[in-house]
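Chemist: I'd like to go over a predicted model; first the sequence, then the structure.
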Number of protein chains: 2
Amino acid sequence: MTTKDSMELWVKEIYQETFNLGFKIDRTLFSGKSRFQQIDVVKTKSHGVMLLNDGSIMLSERDEFIYHEMIAHVPLFVHPSPERVLVIGGGDGGTVREVLKHPKVKRVVMVEIDDMVIQACRIHLPAVSCALDDERLEIRIQDGIKYITEAGEKFDLVIVDSTDPIGPAVPLFDKPFYKGISAALDSDGILITQAGSTFYDGETQHAMLMNQRPFFKNLHLYLYSNLTYPGGLWSFGFASKGLCPIQDFDGRRVESSGIVTSYYNPGVHRSAFSLPNFVAENLASVIDPILV
Amino acid sequence: MTTKDSMELWVKEIYQETFNLGFKIDRTLFSGKSRFQQIDVVKTKSHGVMLLNDGSIMLSERDEFIYHEMIAHVPLFVHPSPERVLVIGGGDGGTVREVLKHPKVKRVVMVEIDDMVIQACRIHLPAVSCALDDERLEIRIQDGIKYITEAGEKFDLVIVDSTDPIGPAVPLFDKPFYKGISAALDSDGILITQAGSTFYDGETQHAMLMNQRPFFKNLHLYLYSNLTYPGGLWSFGFASKGLCPIQDFDGRRVESSGIVTSYYNPGVHRSAFSLPNFVAENLASVIDPILV
């Protein structure tokens, strides 16, 4: 929602009808309605360019590096040879930008349902979308569910870079989708899923992980920070057919990779899996303990 | 600032004139002007009772446990025998509530400049202020700077539970204050300081730690999350005369203590000192490396 407050333009997102985050904006760069959603790109005073889908803040230039580094490098530095990566959603391009920093990655398929997101980010968020023309990347404008059901291809890593489970994203949090992903993953496969706020989405997190549980040997949650989502403490799900995000992680691989990051490092990798008591207690019945 | 938006009451805090956090409120429980500041206590729809000083959100009932557990238990589980604790500020009582969970602690002095904060929290935030009548606690209504200059007493731990460096809190971030604290600390002494947002206060953090540097052998920053401060990723400074927050920490002491916490645990303790690259780079010239 964009409102004029005392002749100032602000973009404000209201959560659960009771609290909000707001950002003062210079101007709107793009506003369009696709078949799926309202898409807005605004220039904020403090956080650079910001993307909103249906009025929900997706990312800001100022801190998108945190989300995208953490969704990509954590699994890519756990998997011993991540060559084939599938990204569901992520039309802004930030996730594939980080994935493609890994020279081991030979092929990335990005399945984005809404071409308008890609086009808007290509024009207005070039620092985020800059890897969308990489020759290792195939972009498919398609429903992720349909792709997973029909694709015969195998992957080492699947990343679900989706919104929260509202609107068109709801089936991306359901059992049939996770079953399909499990079938598309090779024996060392990892699934990473956007898992919401540890504070405000505890029930959703639990339900999502319960839906993944039947199809994966190891199930974990890991944390990162976000400036433009409420409450700051956000999370990704880490599901695998056997790999452990701590025991199968060797920080020396990060250091010798030469990959430049602004948030991620070996200490941050390990620390992200240390859950506060209230989070661990909420998920105790569904996630696996980390054996250090 | 409390505003009426479409007949709804919201409390809104605007940061750097360009972004805000807002909370819908049921009603104002207390509003008073002390010699030092405007104090408001409101009942929010989503985050319980909230305390504001001069319009800045200090704490909410919903998440204050994170701040107070992290400011208190990290140093108390590093120091081998924390018997004497000085808290500067912290009139709401949350910090001393956590400090007094430790049976080793024999004496706590809380030096709060503004009695009205204490009185408002006694009435409207009983779950936070509940330990203010503990017989091990001495409350002094006094300027913390003056107390440090004049007190002859020695402490094992000093906690500066202050606002950001604005208004009356400015001298709490300056060299003479830290020099005085160093003199008041015993040989194993630890100083913990509220150190702001890693994102928005990078310069302030650097300046604060530079001011502590001459008086302490070890200097570190550690992280925690906050729902009612912007950006989520907030921090405390850890300064000591020799103790290392990781090498001198034994998680088994936490487990055998029987102390109940909702956020803090041994994994969270260690993880809090893993700094993201952009934070570590900002502070590289002033903090010490953590040797794991």
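Modeler: Structure's in. What do you need? Residues are numbered from 1 along each chain as shown, chains lettered A, B, ... in the order given.

Chemist: got any ranges where chain A has weak pLDDT?
Modeler: Across chain A, the ranges flagged by pLDDT under 70 are A:1-7, A:291-292.

Chemist: can you do 80?
Modeler: A:1-7, A:151, A:166-168, A:232, A:291-292 (pLDDT under 80).

Chemist: tell me where it has helices.
Modeler: Per DSSP state H, chain A has helices spanning A:64-76, A:94-99, A:115-124, A:126-129, A:144-150, A:175-184, A:202-212, A:251-257, A:266-271, A:277-283. These are given in chain order.

Chemist: export these as CSV, with columns for mean neighbour count.
Modeler: Using the backbone N, CA and C atoms, a C-beta is placed for each residue, glycine as well. Putting those into CSV (neighbours: other Cβ atoms under 10 Å in any protein chain shown) gives the following:
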stretch, mean neighbour count
helix A:64-76, 25
helix A:94-99, 26
helix A:115-124, 19
helix A:126-129, 18
helix A:144-150, 18
helix A:175-184, 18
helix A:202-212, 18
helix A:251-257, 13
helix A:266-271, 21
helix A:277-283, 18
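
Chemist: nearest to chain B, of those helices?
Modeler: Taking Cβ to the nearest Cβ, helix A:266-271 is the member of those nearest to chain B, at 3.3 Å.

Chemist: contacts for that closest one, please.
Modeler: Under the contact criterion Cβ atoms under 8 Å, 6 or more residues apart in numbering or on different chains, helix A:266-271 has outside partners A:73-74, A:77, A:245-246, A:249, A:251, A:254-255, B:270-272, B:274-277.

Chemist: kindly report the same for stretch A:114-125.
Modeler: A:29-30, A:32, A:34-37, A:39, A:41, A:49, A:51, A:53, A:59, A:61, A:91-93, A:112, A:128-129, A:132, A:139, A:141.

Chemist: if we can go back for a sec, now, which of the contacts of helix A:266-271 sits nearest B:L219?
Modeler: When the contacts of helix A:266-271 are ranked by distance to B:L219 (Cβ to Cβ), B:L275 comes first, at 12.7 Å.

Chemist: ok, that closest one touching B:L283?
Modeler: Yes. With contact defined as Cβ atoms under 8 Å, B:L275 reaches B:L283; the gap is 7.5 Å.

Chemist: need the overlap of contacts for those two.
Modeler: Shared contacts of B:L275 and B:L283 (Cβ under 8 Å, 6+ apart): B:L221.

Chemist: tell me which parts of the stretch 151-292 of chain A are close to chain B?
Modeler: A:199, A:225-227, A:230-233, A:261-265, A:267-268, A:270-272, A:274-278, A:280 (Cβ under 8 Å from any Cβ of the partner chain).

Chemist: circling back to that earlier point, and of the contacts of helix A:266-271, the nearest to A:G22?
Modeler: Each of the contacts of helix A:266-271 was scored against A:G22 by Cβ to Cβ, and B:P276 proved nearest at 25.0 Å.

Chemist: how many neighbours does the closest one have?
Modeler: Applying other Cβ atoms under 10 Å in any protein chain shown, we find 26 residues neighbouring B:P276.

Chemist: contacting residues for the closest residue to it other than its chain neighbours?
Modeler: Nearest residue to B:P276, sequence neighbours excluded (Cβ to Cβ, 6 or more residues apart in numbering or on different chains): A:Y263, at 4.2 Å. A:Y263 makes contacts with A:65-66, A:69-70, A:224, B:276-278, as judged by Cβ under 8 Å, 6+ apart.

Chemist: same check, this time on A:S34
Modeler: By Cβ under 8 Å, 6+ apart, the neighbours of A:S34 are A:114-117.

Chemist: run a quick neighbour tally on the closest residue to chain B within the stretch 101-250 of chain A.
Modeler: The nearest approach of the stretch 101-250 of chain A to chain B comes at A:G232, 1.2 Å away (Cβ to the nearest Cβ). By other Cβ under 10 Å, 27 other residues sit near A:G232.

Chemist: cool, and the one 3 residues further on?
Modeler: By the criterion of other Cβ under 10 Å, A:S235 has 24 neighbours.

Chemist: what about the residue nearest to it when sequence neighbours are not counted, neighbour count?
Modeler: Nearest residue to A:S235, sequence neighbours excluded (Cβ to Cβ, 6+ apart): A:A195, at 4.4 Å. Look at A:A195: counted by other Cβ under 10 Å, it has 24 neighbours.

Chemist: now A:P289
Modeler: When neighbours are counted by other Cβ under 10 Å, A:P289 registers 8.

Chemist: what's the answer for A:H79, then?
Modeler: A:H79 is flanked by 21 other residues according to other Cβ under 10 Å.

Chemist: hang on, it packs against A:L243?
Modeler: Yes. Using Cβ under 8 Å, A:H79 makes contact with A:L243 at a distance of 6.5 Å.

Chemist: mutual contacts of those two, please.
Modeler: The contact sets of A:H79 and A:L243 overlap at A:188, A:190 (Cβ under 8 Å, 6+ apart).

Chemist: export only the CA atoms of the lengthiest strand in chain A, formatted as PDB.
Modeler: In chain A, with assignment by DSSP state E, the single longest strand is strand A:19-33. The C-alpha trace of strand A:19-33 is given here as PDB (Å, rounded to 0.1, in the frame of the first residue of the first chain):
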ATOM      1  CA  PHE A  19       1.800  -4.000  13.100                       C
ATOM      2  CA  ASN A  20       3.600  -2.500  10.100                       C
ATOM      3  CA  LEU A  21       6.900  -1.700   8.400                       C
ATOM      4  CA  GLY A  22       7.000   1.500   6.300                       C
ATOM      5  CA  PHE A  23       9.600   3.100   4.000                       C
ATOM      6  CA  LYS A  24       9.600   6.600   2.700                       C
ATOM      7  CA  ILE A  25       9.900   6.600  -1.100                       C
ATOM      8  CA  ASP A  26      11.200   8.900  -3.800                       C
ATOM      9  CA  ARG A  27       9.000   7.500  -6.600                       C
ATOM     10  CA  THR A  28       7.400   4.500  -8.100                       C
ATOM     11  CA  LEU A  29       9.600   3.000 -10.900                       C
ATOM     12  CA  PHE A  30       7.100   0.400 -12.100                       C
ATOM     13  CA  SER A  31       3.600  -0.600 -11.400                       C
ATOM     14  CA  GLY A  32       1.900  -3.400 -13.300                       C
ATOM     15  CA  LYS A  33      -0.800  -6.100 -12.900                       C
END
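
Chemist: run through the neighbouring helices and strands of it.
Modeler: Secondary-structure packing of strand A:19-33 (3 or more Cβ pairs under 8 Å, 6 or more residues apart in numbering or on different chains; DSSP states H and E): strand A:8-15, strand A:38-44, strand A:49-53, strand A:56-60, helix A:115-124, strand B:19-33.

Chemist: out of those, which one sits most buried?
Modeler: Of the helices and strands packed on strand A:19-33, the one with the most neighbours on average (mean count of other Cβ atoms under 10 Å in any protein chain shown) is strand A:49-53, at a mean of 24.

Chemist: which other helices and strands does that one contact?
Modeler: Using 3+ Cβ pairs under 8 Å, 6+ apart as the contact test, the elements touching strand A:49-53 are strand A:8-15, strand A:19-33, strand A:38-44, strand A:56-60, helix A:115-124.

Chemist: cutoff 10 Å now
Modeler: With contacts taken as 3 or more Cβ pairs under 10 Å, 6 or more residues apart in numbering or on different chains; DSSP states H and E, strand A:49-53 sits against strand A:8-15, strand A:19-33, strand A:38-44, strand A:56-60, helix A:64-76, helix A:115-124, helix A:126-129.

Chemist: list the contacts of the residue nearest to A:S235.
Modeler: A:160, A:164, A:173, A:201, A:204-205, A:208-209, A:212, A:221-223, A:234-238, A:283 (Cβ atoms under 10 Å, 6 or more residues apart in numbering or on different chains).
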